[in-house]
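[1] got a predicted structure plus its sequence, pasted below:
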Amino acid sequence: MKFKTKQQGFSLFMVMILMLVIALLVMVSVQSSTTEMRMSTNEADRKFAVSLAENGLREAEGRIRQLAQGPNVITFTANCTKGYCAAAEDGVNNSMEGAYFKLEKTANSAVPAWERCTNSTNRCDVGSTVLDNGCDTSDRCITTNNGKVHYVIEYLGNRSLSDELVTDYFRVTSRARGNNQDTIVTLQTHVELQTP
């Protein structure tokens, strides 16, 4: 006796649906892991840039201590010559000068030092502030770490604490780039330096 069976293909249909669901799960998993990898890479790059910017701040603090030991007097200008900036007009005591630091009286700027342009106008194009890449060619900031860190030192004036002791005040602004050019970190610190 022969039995004839009619094939309906129901199990093939179920296997195809199951394969489609598995393929979708694999795609979602791969996309999720890729996104997480990008996020962790970006976070690591940001931490690297923060570390570089902090190194710029520490280097500037060391530079201020060296400048205070003389023998030359450093002039802080509105044009941020060689990275030494006069503070904005409302943020500095222009009447006070230190033994090793002086302010250029002829021109001051109302624009904070880290927002000043590399060109002579007050209008900045994108990426042309004294802390951006344009400062490499304009000599208006101090560059370190193979061009990844730019910083400026602002002289905020001084105050006489006693007949023998004077405190000079500075603000340091450091900007660093990570390995990704879109990762930019800007840090600031204030430095007090007491000199006899």
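    Everything's here; your move.
[2] following the helix-or-strand element of the chain with minimal mean pLDDT, which helix or strand shows up next?
    Every helix and strand of the chain was ranked by mean pLDDT, DSSP states H and E. The lowest is helix 135-138, at a mean of 64. Using DSSP states H and E, the helix or strand that directly follows helix 135-138 along the chain is strand 142-144.
[3] and that following strand, which strands flank it?
    Using DSSP bridges, the strands paired with strand 142-144 are strand 149-160 (antiparallel).
[4] off-centre distance for the strand it pairs with?
    What separates the centre of strand 149-160 from the centre of its chain is 17 Å, taken as C-alpha atoms, centre = their mean, to the nearest Å.
[5] residue 79 and residue 183, how far apart?
    Residue 79 sits 29 Å away from residue 183, going by C-beta to C-beta, to the nearest Å. To be clear about C-beta, it is placed using only N, CA and C from the backbone, and glycine gets the same treatment.
[6] all strands of this structure, in order?
    Counting by DSSP state E, residue ranges of the strands within the chain are 74-76, 84-86, 101-103, 142-144, 149-160, 166-177, 184-195.
[7] which of those strands sits most buried?
    By mean neighbour count, with neighbours taken as mean count of other C-beta atoms under 10 Å, strand 84-86 ranks first of the strands of the chain at a mean of 27.
[8] which helices and strands sit right next to that one?
    Counting contacts by 3 or more C-beta pairs under 8 Å, 6 or more residues apart in numbering; DSSP states H and E, the secondary-structure elements packed against strand 84-86 are strand 74-76, strand 149-160.
[9] low pLDDT regions in this protein?
    Applying pLDDT under 70 to the chain picks out residues 1-9, 89-100, 105-109, 118-127, 133-138, 196.
[10] can you rerun that using 50?
    Across the chain, the stretches falling below the confidence threshold (pLDDT under 50) are 91-92, 94-95.
[11] can you check which helix is longest in it?
    With DSSP state H setting the assignment, residue counts place helix 10-68 as the longest helix in the chain.
[12] any chance of the helices and strands packed on strand 84-86 in TSV, plus distance to residue 169?
    Formatted as TSV, the entries for these read as follows, by distance: least, C-beta to C-beta, whole Å:
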stretch	distance to residue 169
strand 74-76	12
strand 149-160	4
